[in-house]
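**Q** Build me a model from this:
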Amino acid sequence: MKRWVAGMILLCSMILLSISGYFFTDMLMQERKDDGLKEQLKEIYEDSENMGLEETSEEKDGNGNTDNGAASSSVHPGLLALHRENPDCIGWIRIEGTVIDYPVMYRPSEENYYLHRDFYGEYSANGCLFLSELCNPETSDNLIIYGHHMNSGKMFAALDQYKDSAFYLEHPLISYDTLHGSETYQIFAVFCTPVYTGSDFPYYTFTKAEGAADYREYMKAVKERAFYDTGISAVFRDKLLTLSTCEYSQKNGRVVVMAKKIR
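**A** The predicted model follows:
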């Protein structure tokens, strides 16, 4: 009887080990695939930049019609090349000294479409950085970009380090290339908040101020929650950039990094 029990335990252990090995191997293969795709996209982005491609303010589509939404002479040629690969690609974000150096996707018709999809729409645990479907890249006062907080340190994991003011002082600027040119944003507040609790701070819904008073009220709420005082604030008409990722010290936590466009 004891031999039978021992045999069953051994068999179960072998099965569990095999399953664990399968998932671990699959995870490694997925990571290699994601790493390879990132390098491929970055190569397209940087090679096109180095070539110094010149684009006109209007492009012809396949039917010979003008496409006014595609480009201007100030458009980053690398971003334009990626936009041609996938029209959902509307930006490239970079924070010097961190791993944050990725394309930004936007598909307003499908909520969280790129949460677990790569640049080409295939499954990826890392997903992509993506602009909230509530935002309009052209008219929103606040662009909200989401990304995973990966244990590997990829995607938006580095945002968690902004809880420390020393890290902020070393990385105060965000570069964001769009289809209208290159923009630089200055970080002014970092805070954490739970979400979807019914009583949380709904930073994820503020995309367009109703007026100066509404903008000031939102800025006050942000400053009250900030970990530290950066000495920088935003005023009505300042364009905002909000980066958001998961934060694990609380249930449904989010760490939020907010910046304003440098005029």
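
**Q** Strands along the stretch 101-250 of the chain, start to end?
**A** Remark: strands assigned in the stretch 101-250 of the chain by DSSP state E, counting those that start in this stretch are 101-105, 129-131, 142-146, 173-178, 181-194, 240-247.

**Q** Dump the fourth one to CSV, keeping only the CA atoms.
**A** Taking only C-alpha atoms (Å, rounded to 0.1, in the frame of the first residue of the first chain), the coordinates of strand 173-178 have been written out as CSV:
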residue,chain,number,x,y,z
LEU,A,173,11.9,64.4,-18.7
ILE,A,174,9.8,62.2,-21.1
SER,A,175,10.3,62.3,-24.8
TYR,A,176,7.3,61.6,-26.9
ASP,A,177,7.3,61.5,-30.7
THR,A,178,3.9,61.8,-32.4
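
**Q** Give the pairing partners of it; include direction for each.
**A** Sheet pairing of strand 173-178 (DSSP bridges) gives strand 89-94 (antiparallel), strand 181-194 (antiparallel).

**Q** ok, back up a step: could I get the strands of the stretch 101-250 of the chain as a markdown table with distance to residue 257 and mean pLDDT?
**A** Where C-beta positions appear, they are placed from N, C-alpha and C, glycine not excepted. Shown next, in a markdown table, are the strands of the stretch 101-250 of the chain (distance: least, CB to CB, whole Å; pLDDT from 0 to 100):
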| stretch | distance to residue 257 | mean pLDDT |
| --- | --- | --- |
| strand 101-105 | 15 | 97 |
| strand 129-131 | 13 | 98 |
| strand 142-146 | 10 | 98 |
| strand 173-178 | 8 | 96 |
| strand 181-194 | 5 | 96 |
| strand 240-247 | 4 | 97 |
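
**Q** circling back to that earlier point, can you say which of the strands paired with strand 173-178 is nearest to residue 163?
**A** strand 181-194 (6.6 Å; CB to CB).

**Q** got the buried residues for the closest one?
**A** In terms of neighbour count (16 or more other CB atoms under 10 Å), strand 181-194 has its buried residues at 183, 185-193.

**Q** relative orientation of that strand and strand 142-146 in degrees?
**A** Counting by axes from the mean of the first three to the mean of the last three CA atoms, to 10 degrees, strand 181-194 lies at 70 degrees to strand 142-146.

**Q** chain center to strand 181-194: distance?
**A** A distance of 12 Å separates the centroid of the chain from that of strand 181-194, by CA atoms, centre = their mean, to the nearest Å.

**Q** Kindly report the same for stretch 205-219.
**A** Centre-to-centre, stretch 205-219 and its host chain are 22 Å apart (CA atoms, centre = their mean).

**Q** Would you indicate which residues of it are buried?
**A** Residues of stretch 205-219 classed as buried: 206-207, 209, 215, 218-219 (neighbour count, 16+ other CB under 10 Å).

**Q** Looking at those residues, which is nearest residue 118?
**A** Residue 118 has its nearest neighbour among the buried residues of stretch 205-219 in residue 207, at 25.8 Å by CB to CB.

**Q** Show the pLDDT at that closest one.
**A** With respect to pLDDT, residue 207 scores 97.

**Q** Near the nearest residue to residue 120 once chain neighbours are set aside, how many other residues are there?
**A** Among residues not flanking residue 120 along the chain, residue 86 sits closest, at 6.7 Å (CB to CB, 6 or more residues apart in numbering). Residue 86: 16 surrounding residues under other CB atoms under 10 Å.

**Q** my read: residue 86 touches residue 118, true?
**A** No - counting by CB atoms under 8 Å, residue 86 does not reach residue 118; the two are 10.1 Å apart.
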